[in-house]
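Student: using only what follows, build the 3D model:
(one chain, ligands or ions: 1)
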Amino acid sequence: MFCFPLEVVFIVYFLPAKKIIVHLMRTRMLSLFLLFVICCAGGGSARTNEAQDYSRKFAALMRSTKAADASAWDRSYLDKSIRDRIRPATPEILEYIEGVNRLDGFAVSTSPMEINAETKRKIAGELEKLPPKVLELIKKRVIGIFTVQNLGGSALTGCAYGKNGSEFGFIILDMNMLNKPANEWITLKENTVFAPETGWKLDIKIENDETNTKESAVVYIFLHELGHIVHDVYKVLPPLAQESKDFSDFEFSGDVWLNELQPRREISFVYQEILAFYGRNPPFSVQIAPEIYRSLEKTPWATLYGATNANDDFAEFFVSYVHGELQNKPYRITVKRNEAIAYTGINGLKRNNAGERYRIIAGIFDRL
Ligand SMILES: [Zn+2]
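Tutor: Numbers count the residues shown, from 1 in each chain. I've put the predicted structure just below:
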C-alpha cells in the first residue's frame, strides 16, 4: 500500500471543498496527485448535471424576461450612433440583471447609472476606432449599451429572441468597476485565480503604455461580451437560451467540450475543474502559475479565462482575434519570482496548436 504524507490523506478524506484543497497546493507533485484524485472522484457527472440545471433555469428566465423578447424592443436604436446607444439601464434591463443575479446567487441591488457626456464621448470614440467589420457588427447586433452600478461583475450580456432565435443583443457595463487602465484591469482579474506569495508577481499586458487607458479596458471587456452576442446570433454554439445543449454538434466546440462546463477527456488540463475567477479564495497559489500556464499552452484555449466554460472559450477567442489579429495588440503574461522571470507566454490564438481553431474563428468572422 502506498503511504501518502499525512496532509494528503487528511485532505483527500476529510476536506469537502475542492477549492480549499487546491488552495493548499504548493508543489507540482502534490498538486498533480490531488488533481488526479479530484478528477477521478466523479466530478464529471456532477458538472454535467450542474450545466444542465443552469441551462434549464436560464432558458426559463429568458422566456419570462421582457429584455429577451425582440418584439419588445424599440428597433430604431439599431439606426442610432454608438454614442446614442449608451444609456442608463431601463427597468427591463434591471429585471434581466436581477434574474441573472438570482440564478448566479449574487445578492446585489443594481441601479442605473448616468455617465457624464465626456465619459460617454470617450467610450464611444474608443469603440469607433474598432476595425470596420467589428463596427458594422456592433451597429447591426448591439441594440443598447447600458450603464449601471452594483452589477455583481464588470459586464453582462443578454440577447433578444424572435421566431428564429437570437436577433440582437445588449451589453451592460458597471461603470464603477471599469475604473482601471487595461493592463491593471486584466492583471487584477487574472490574479483572482492565484493567491499571492511573497516575492511572486503575475501580470498581463494587453496595451502598450501610450494606449493603456480606462477606455481601452472598456473596449476589451466590450469585445468579450460582443463575442457572446456573436455566439448566439450566428449560432456558433448552442443558443444561450436553449434548455438542453449539445456542444458536440458545433465546429468550434465539438472537439473541445462535452458540455458547457466539462471539456472532452482528450483535453488534458487537470486544473480546469477547480479553475475559478473572482472567488473570495483564489483556487491556486501563484507559485504554481508557471506550471499552469505551461500546461495551458498544450490546450486549445486562448486564455486561462477561456478554459472555464464553453461560452467564455468562444468569447475569449473572439476578443483575442479582434484584439491580437485585427488590431495587432499585445497579450503577454509574465510571472516573476524575486524579479526573475519564472514564466512568460502569449495568447493561445497565436500558438501553433491553435491552428485549427484559428482557422475556425477566422472563418466565423468572414461569415459575420
Ligand atoms: Zn463571458
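
Student: what's around the residue in the stretch 51-200 of the chain positioned nearest to the ion, how many residues?
Tutor: Closest residue of the stretch 51-200 of the chain to the ion, Cβ to the ion: T157 (7.2 Å). (Each C-beta comes from the backbone N, C-alpha and C, glycine too.) Neighbour count of T157, defined by other Cβ atoms under 10 Å: 22.

Student: cool, the one 3 residues further on as well?
Tutor: Taking other Cβ under 10 Å as the neighbour definition, A160 ends up with a count of 26.

Student: run through the bridge partners of it.
Tutor: F168 (DSSP bridges).

Student: OK, contacts around it?
Tutor: Going by Cβ atoms under 8 Å, 6 or more residues apart in numbering, A160 touches 67-70, 72-73, 143, 166-170.

Student: low-confidence stretches in this structure?
Tutor: Low-confidence segments of the chain, defined by pLDDT under 70: 1-45, 353.

Student: near the ion, which residues of it?
Tutor: Counting by Cβ under 5 Å from the ion, the chain comes close to the ion at 312, 315.

Student: which residues in the chain form helices?
Tutor: For the chain, applying DSSP state H gives helices covering 6-14, 18-23, 28-39, 43-64, 82-85, 91-104, 117-127, 132-141, 182-190, 214-233, 289-296, 310-320, 355-367.

Student: residues contacting the most centrally placed residue in the chain?
Tutor: Geometric centre of the chain, nearest residue: D312, 4.2 Å, by Cα atoms, centre = their mean. If you count contacts by Cβ under 8 Å, 6+ apart, D312 has them with 224, 305-306.

Student: let's see 10 Å
Tutor: 224, 227-228, 231, 260, 277, 301, 303, 305-306 (Cβ atoms under 10 Å, 6 or more residues apart in numbering).

Student: neighbour count added to the residues you listed, as CSV?
Tutor: Formatted as CSV, the contacts of D312 follow (neighbours: other Cβ atoms under 10 Å):
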residue, neighbour count
H224, 24
G227, 25
H228, 24
H231, 30
E260, 24
F277, 16
W301, 27
T303, 24
Y305, 20
G306, 27
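
Student: thinking again about what came up before, what is the nearest of the contacts of A160 to Y343?
Tutor: G169 (35.9 Å; Cβ to Cβ).

Student: compute the number of surrounding residues for the nearest residue to the closest one once chain neighbours are set aside.
Tutor: Distances taken as Cβ to Cβ, 6 or more residues apart in numbering place I229 nearest to G169, at 3.4 Å, with adjacent residues excluded. Residues lying near I229 (other Cβ under 10 Å) number 26.

Student: please report the distance of I229 from the ion.
Tutor: From I229 across to the ion, the span is 11 Å (Cβ to the ion, to the nearest Å).

Student: ok, that residue - contacts?
Tutor: 137-138, 141-143, 157-160, 166, 168-171, 240, 315, 318.

Student: run the last query once more with 7 Å
Tutor: 141-142, 157, 159, 169 (Cβ atoms under 7 Å, 6 or more residues apart in numbering).

Student: next one: phi and psi at the residue nearest to Y331 when sequence neighbours are not counted?
Tutor: Leaving aside its sequence neighbours, Y331 sits nearest to N347 (Cβ to Cβ, 6+ apart; 3.7 Å). For N347, the backbone dihedrals (degrees, to the nearest 10) come out as phi -70, psi 140.

Student: how much space between N347 and the ion?
Tutor: 16 Å.

Student: tell me the domain ranges of the protein?
Tutor: 16-61+181-368, 65-179 (automatic domain parsing).

Student: my guess is Y293 contacts I333, does it?
Tutor: Yes: the pair Y293 and I333 passes the contact test of Cβ atoms under 7 Å, sitting 6.1 Å apart.

Student: between these two, who's got more neighbours?
Tutor: I333 (22 against 17).

Student: and the more buried one, what are its bridge partners?
Tutor: I204, G345.

Student: which residues touch it?
Tutor: 204, 293, 344-345.

Student: quick check, nearest of these to the ion?
Tutor: Looking across these and measuring by Cβ to the ion, the closest to the ion is I204, at 16.8 Å.

Student: what's the burial count for that closest one?
Tutor: 23.

Student: can you check D255 too?
Tutor: 17.

Student: excluding its backbone neighbours, what's nearest it?
Tutor: R264 (6.9 Å).

Student: surely the one you found touches S248?
Tutor: No: proximity of R264 to S248 does not meet the contact threshold set by Cβ under 7 Å, at 8.7 Å.

Student: excluding its backbone neighbours, what's nearest N176?
Tutor: Per Cβ to Cβ, 6+ apart, closest to N176 is Q149, 4.8 Å.

Student: which ones are touching that neighbour?
Tutor: Per Cβ under 7 Å, 6+ apart, neighbours of Q149: 111, 113, 174-176.

Student: try F250
Tutor: 236-238.

Student: return the member of those nearest to the ion.
Tutor: L237 (12.0 Å).

Student: quick one, phi psi at L258?
Tutor: phi -80, psi -40.

Student: now swap in L304 and tell me
Tutor: Dihedral angles for L304 - degrees, to the nearest 10 - are phi -60, psi -40.

Student: okay, now it: neighbour count?
Tutor: Residues near L304, counting by other Cβ under 10 Å: 25.

Student: not counting its neighbours along the chain, what's nearest it?
Tutor: Per Cβ to Cβ, 6+ apart, closest to L304 is L296, 6.0 Å.
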